[in-house]
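Chemist: Below is the sequence, then the predicted model.
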Amino acid sequence: NDLMQLIGSQGVSSDELDTGLEGQKVYQMISPAWCSKELADLMHSIDSTIISNHCPRVGHRAICSQEPRWHIPSDLVNEDMVAPLGLPLNCYKESWLMSLLPSKRNKLKVVMNKSYNF
């Protein structure tokens, strides 16, 4: 969809290796600082869909490939990720937007009169 094209790789959360309760490798999801909670939730749900599609269907063998990374939510934030330009206002975290100088906010070209329907 158009939103995903606007966001590109800048909306993808980064991750950090951790160890789960049973010793398995898990990765903490780290959202971009500019990203609203609603957009972060949408992006994380896409990650979950990709992981579930990686599992073999009933009656089919597993295909040898790299195992998916098991992601867990976290409160960690990546301050270094660059925000994409021209997103609807509700895609950006309000507190992050307000922390920017007006000149930097203007350079983002935020679409003020449009909200994305999450």
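Modeler: Received, thanks. Keep in mind it's a predicted model, so treat the numbers as computed, not measured.
Chemist: And for the nearest residue in space to residue 41 that is not next to it in sequence, the neighbour number?
Modeler: Nearest residue to residue 41, sequence neighbours excluded (Cβ to Cβ, 6 or more residues apart in numbering): residue 118, at 7.4 Å. (Each C-beta comes from the backbone N, C-alpha and C, glycine too.) Neighbourhood size, residue 118 [other Cβ atoms under 10 Å]: 13.
Chemist: ok, residue 118 - contacts?
Modeler: When contacts are counted by Cβ atoms under 8 Å, 6 or more residues apart in numbering, residue 118 touches 38, 39, 41, 42, 90.
Chemist: what about the strands in this structure?
Modeler: Applying DSSP state E to the chain gives strands spanning 14-19, 25-32, 71-72, 77-78.
Chemist: ranking those strands by mean pLDDT, which is last?
Modeler: Lowest mean pLDDT of the strands of the chain: strand 14-19, a mean of 63.
Chemist: Counting neighbours, which bits of stretch 110-118 end up buried?
Modeler: 110, 111, 116 (16 or more other Cβ atoms under 10 Å).
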